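Peer 1: make a model of this:
(chains A and B)
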Amino acid sequence: GESVGLHLPTLSVQEGDNSIINCAYSNSASDYFIWYKQESGKGPQFIIDIRSNMDKRQGQRVTVLLNKTVKHLSLQIAATQPGDSAVYFCAEKVAGGYQKVTFGTGTKLQVIP
Amino acid sequence: EAGVTQFPSHSVIEKGQTVTLRCDPISGHDNLYWYRRVMGKEIKFLLHFVKESKQDESGMPNNRFLAERTGGTYSTLKVQPAELEDSGVYFCASSHNTEDILHFGNGTRLTVT
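Peer 2: As a prediction, this is how the structure comes out:
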């Protein structure tokens, strides 16, 4: 798995509880936001996205909230399961053209059985 | 459909040696991206190809890194000569167009000793 030279923020959650992972983004021009999940030994996997004209979007067991005023993004996972254990990255992008996706530092989610 | 594949999955080389990483994007994806995660920090953008052309190489750290995508299919990333600080996980991602989500490979873990 990944070795962590710099300790990631870690969130420990009991199985069955809800998880909330927070992210502050930096570019006020960003208008497209994505959450990725990275499991050990794998690449980042898309979870959910949201555009800046929305403040909430729901998927299966996941909800993303966007607060543009304070440049804050959160990912809520309902009824957290052991398979949710991973590192979660928020990412931002300026929509349109060839703008790159910029990732945040990541938060490690540990689910306690 | 087959996902993004990267080769090798692991590489251990000595400082001063050369390493070439390969990425095969999803078939038909014109956009190919290289990212890397060093010392467990955030995932940082390296460069973006559109077909065989370099659209954005602003993230390439220095001239020891050379990326190519001849023919607009697979891509290689060569590091020559490798330095200790190049150790990390190198991810490749592809997308059909720039508004699509990124599909990541499982990465190549590079260790320079």
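Peer 1: and stretch B:10-17, what's buried?
Peer 2: Within stretch B:10-17, the residues that count as buried by 16 or more other Cβ atoms under 10 Å in any protein chain shown are B:Ser11, B:Ile13. Placement of C-beta: from N, CA and C, glycine included.
Peer 1: let me redo that: stretch B:35-42
Peer 2: B:Tyr35, B:Arg36, B:Arg37, B:Val38, B:Gly40, B:Lys41, B:Glu42.
Peer 1: who touches the third one in this structure?
Peer 2: What that stands for is B:Arg37. A:Glu2, B:Ile43, B:Lys44, B:Gly88, B:Val89, B:Phe91, B:Gly107 (Cβ atoms under 8 Å, 6 or more residues apart in numbering or on different chains).
Peer 1: what about the last one, neighbour count?
Peer 2: Using other Cβ atoms under 10 Å in any protein chain shown, B:Gly107 is surrounded by 27 other residues.
Peer 1: confidence score at it?
Peer 2: On the pLDDT scale, B:Gly107 is placed at 97.
Peer 1: that one: what's it in contact with?
Peer 2: The neighbours of B:Gly107, taking Cβ under 8 Å, 6+ apart as the test, are A:Lys42, A:Gly43, B:Gln6, B:Ser9, B:Arg37, B:Val89, B:Tyr90, B:Phe91, B:Cys92.
Peer 1: so B:Gly71 sits in a helix?
Peer 2: Yes. Counting by DSSP: H, G, I helix; E, B strand; the rest coil, B:Gly71 falls inside a helix.
Peer 1: what's the closest non-adjacent residue to it?
Peer 2: Counting by Cβ to Cβ, 6 or more residues apart in numbering or on different chains, the nearest residue to B:Gly71 once its immediate chain neighbours are dropped is B:Glu52, at 6.3 Å.
Peer 1: let's see the pLDDT reported for that neighbour.
Peer 2: pLDDT at B:Glu52 comes out at 96.
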